[in-house]
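Engineer: compute the structure for the input listed below.
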Amino acid sequence: MSNVDTGTDATTAGSPKAAKLTLVTLTAMVVGSMVGAGVFSLPRRFAQETGVAGALIAWAIAGFGMLMLAFVFQALAVRRPDLDAGVYAYAKAGFGEYLGFFSAFGYWASACVGNVTYWVLIMSTIGAIWPALGDGDTALAIILSSAGLWAFFLLIRRGVKEAAAINRIVTVAKVVPILVFVILALFCLDPSVFADNWGGADYAGSLFNQVRGTMLATVFVFLGVEGASVYSRHAKRREDVGRATILGFLSVFAVFASVTIVSYGILPMSEIAELRQPSMAGVLEAAVGTWGSVFVSVGLIISVLGAYLAWTLMAAEVLFVAAKDEDMPRFLGRSTGDDVPVPALLMTTALSQVVLVVTAFSDDAFNFALDLTSALSLIPFLLAAAFAVKIALRPEQERVSGRSTRRELVVGILATIYTAFLLYAAGLKFVLVSFILYAPATFLFVKARREQGRRLFSPRELVILAVSIAGAVMGVVALAAGWISL
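Structural biologist: Okay, here's the model as predicted:
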């Protein structure tokens with residue numbers, strides 16, 4: 001599939017060329033995708049689960065595991081340069097069209113749910129001075145968030161190139177407040193408070209449970225490490241995709257871990273666990289006074305809006321490329337002369353709108369949306385890692401560019417083990433809720449097959465369909481019976 005042809009379909013006049021992005025811009029998109037709402041919520045999320053020791057272990061596992069995934073995306077970008085849209089394309093090439101469809105839908109749905117966390121956190125931040133917004137889940141907060149959703153739809157509709165340029169500027173603007181937080185917290189760190197927060201066993205249980213409890217939070221903040229891969233069709237040079245992935249990951253890993261660890265030296269973990277979100281604002285306020293909370297809050301709004309922009313771009317891109325590959329209905333493969341996939345963008349914004357309304361019925365809108373975002377992304381990540389293992393074992397059967405190495409096999413295996421552990425850490429609740437979203441999505445797959453006049457399901461695909469429906473039914477029953485709750 002050529003970079004020129006993917007910009008339009010037969011119903012679009014002209015033949016627009018895809019916007020070409022440099023290494024710096026691709027790296028900014030990776031950083032911009034990862035540095036969003038999650039980093040500002042880290043102190044409270046970690047303090048609710050673990051002390052300093054558990055946090056260090058959790059970050060070591062998450063950092064190593066996500067680095068393996070970053071290496072997977074880097075290797076796949078080189079070994080299979082013909083595959084665009086990253087996560088979705090790798091799953092399809094490795095395990096067939098139906099699992100590829102699930103990967104595309106899951107990744108897309110994850111992005112849409114994640115976008116909701118951004119608006120909830122913005123409204124919660126403003127809610128500290130405007131009580132009518134509450135924790136971001138009141139009627140007024142939902143109305144204002146909805147207005148923001150559609151305002152960004154109109155902005156992105158103007159053109160991908162303009163939106164990517166805005167993201168590059170915003171990425172720089174939002175990283176500065178986070179670095180300032182880390183520096184100020186280090187200067188104000190109280191060694192005795194830090195020491196008291198070391199174990200956390202009396203408060204958070206066994207060390208294993210502490211580490212397990214933080215895993216979904218670490219997944220959420222690292223979502224976006226695959227950003228350059230998702231947007232690979234726009235890269236000026238293919239090798240820049242892998243470089244941007246590694247550079248983006250290394251740029252933010254130390255910052256994320258630092259935000260968490262230094263917070264333990266400011267307040268007892270039991271107090272951090274009770275802070276309203278964004279908890280980073282509460283930590284800095286305790287360290288330097290009220291202006292610290294204001295400073296973090298302003299930085300958060302800039303950061304979240306930038307991340308929302310990047311994630312909306314990536315979500316629409318996944319639907320668009322899946323439609324061009326005939327794995328989604330044709331209408332999602334249409335784009336404008338400015339290379340904007342408007343139908344995919346519209347569907348992305350619409351799902352975010354629906355999820356935003358659903359959060360009003362959740363006990364903890366932010367944490368529910370955050371954990372569901374992470375859980376939905378795990379199956380696409382697992383399939384991508386497994387594909388890396390597959391091509392390392394059988395390169396001649398997978399049309400690999402160049403020879404796979406033993407290092408790539410080891411990296412693929414480690415990334416697969418890590419993502420499988422994350423599914424275990426997510427727990428049955430979020431796996432079942434994910435199935436509730438996955439199973440009905442098959443209607444889109446059926447529509448695409450009918451448009452092509454093809455057989456709807458192969459015997460193997462029928463087995464996958466049966467499993468997804470069974471999981472969805474179990475999820476609905478569990479919700480109705482009160483075994484799990486939103």
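Engineer: so which bits of the lengthiest helix in the chain are buried?
Structural biologist: Longest helix in the chain by number of residues, with DSSP state H as the criterion: helix 290-324. Along helix 290-324, the positions that meet the burial threshold by neighbour count (16 or more other Cβ atoms under 10 Å) are 292-293, 295-297, 299-324. Quick note: C-beta positions are derived from backbone N, CA and C, even for glycine.
Engineer: which neighbouring elements make contact with whatever helix or strand comes next after that helix?
Structural biologist: Read in the C-terminal direction, the helix or strand following helix 290-324 is helix 342-358, with elements assigned using DSSP states H and E. Taking 3 or more Cβ pairs under 8 Å, 6 or more residues apart in numbering; DSSP states H and E as the contact definition, the neighbouring helices and strands of helix 342-358 are helix 97-127, helix 139-157, helix 290-324.
Engineer: could you give the angle of helix 342-358 to helix 290-324?
Structural biologist: Inter-element angle recorded for helix 342-358 and helix 290-324: 130 degrees (by axes from the mean of the first three to the mean of the last three Cα atoms, to 10 degrees).
Engineer: go through helix 342-358 and flag the buried ones.
Structural biologist: Within helix 342-358, the residues that count as buried by 16+ other Cβ under 10 Å are 342-349, 351-353, 355-356.
Engineer: that older thread, of the helices and strands packed on helix 342-358, which is nearest residue 431?
Structural biologist: Between residue 431 and these, the shortest separation by Cβ to Cβ is 11.7 Å, and it involves helix 97-127.
Engineer: where in the stretch 1-150 of the chain is pLDDT low?
Structural biologist: Counting by pLDDT under 70, the stretch 1-150 of the chain contains low-confidence residues at 1-19, 21, 29, 32-33, 36-37, 84-86.
Engineer: next one: stretch 341-359 to chain centre, how far?
Structural biologist: How far stretch 341-359 lies from its chain's middle: 16 Å, per Cα atoms, centre = their mean, to the nearest Å.
Engineer: what packs against the helix or strand hosting residue 415?
Structural biologist: Counting by DSSP H and E, the secondary-structure element that holds residue 415 is helix 406-438. Applying 3+ Cβ pairs under 8 Å, 6+ apart, one finds that helix 406-438 makes contact with helix 52-79, helix 97-127, helix 207-222, helix 365-393, helix 459-481.
Engineer: I'd like to know the average pLDDT value across the helix or strand following it.
Structural biologist: Following the chain from helix 406-438 toward its C-terminal end, the next helix or strand by DSSP H and E is helix 442-451. Along helix 442-451, the predicted confidence averages to a pLDDT of 87.
Engineer: equivalent analysis for stretch 361-381, please.
Structural biologist: 76.
Engineer: could I get the CA-only coordinates of it as CSV?
Structural biologist: Extracted C-alpha coordinates of stretch 361-381, given in CSV (Å, rounded to 0.1, in the frame of the first residue of the first chain):
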residue,chain,number,x,y,z
PHE,A,361,-22.9,6.3,36.5
SER,A,362,-19.6,5.2,37.8
ASP,A,363,-18.5,5.3,41.4
ASP,A,364,-15.0,6.6,40.4
ALA,A,365,-15.2,7.9,36.8
PHE,A,366,-11.5,8.7,36.4
ASN,A,367,-10.1,5.4,37.7
PHE,A,368,-12.7,3.3,35.9
ALA,A,369,-12.0,5.0,32.6
LEU,A,370,-8.2,4.7,33.2
ASP,A,371,-8.3,1.0,34.0
LEU,A,372,-10.6,0.2,31.1
THR,A,373,-8.3,2.1,28.7
SER,A,374,-5.4,-0.1,29.9
ALA,A,375,-7.3,-3.3,29.7
LEU,A,376,-8.6,-2.7,26.2
SER,A,377,-5.1,-2.0,24.9
LEU,A,378,-3.6,-5.2,26.3
ILE,A,379,-4.9,-7.6,23.6
PRO,A,380,-3.6,-5.5,20.7
PHE,A,381,-0.2,-5.3,22.5
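Engineer: can you pull the buried residues of it?
Structural biologist: Residues of stretch 361-381 classed as buried under the neighbour-count rule (16+ other Cβ under 10 Å) are 362, 365-381.
Engineer: likewise stretch 126-145?
Structural biologist: Within stretch 126-145, judged by 16+ other Cβ under 10 Å, the buried ones are 126-128, 133-138, 141-142, 144-145.
Engineer: cool, stretch 423-431 as well?
Structural biologist: Of all the residues in stretch 423-431, those buried under the rule 16+ other Cβ under 10 Å are 423, 425-427, 429-431.
Engineer: returning to what we had before: distance to residue 110 added to the buried residues of stretch 126-145, as JSON lines?
Structural biologist: Compiled in JSON lines, the buried residues of stretch 126-145 are given as follows (distance: Cβ to Cβ, whole Å):
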{"residue": "126", "distance to residue 110": "26"}
{"residue": "127", "distance to residue 110": "26"}
{"residue": "128", "distance to residue 110": "28"}
{"residue": "133", "distance to residue 110": "26"}
{"residue": "134", "distance to residue 110": "25"}
{"residue": "135", "distance to residue 110": "22"}
{"residue": "136", "distance to residue 110": "20"}
{"residue": "137", "distance to residue 110": "20"}
{"residue": "138", "distance to residue 110": "25"}
{"residue": "141", "distance to residue 110": "22"}
{"residue": "142", "distance to residue 110": "21"}
{"residue": "144", "distance to residue 110": "24"}
{"residue": "145", "distance to residue 110": "19"}
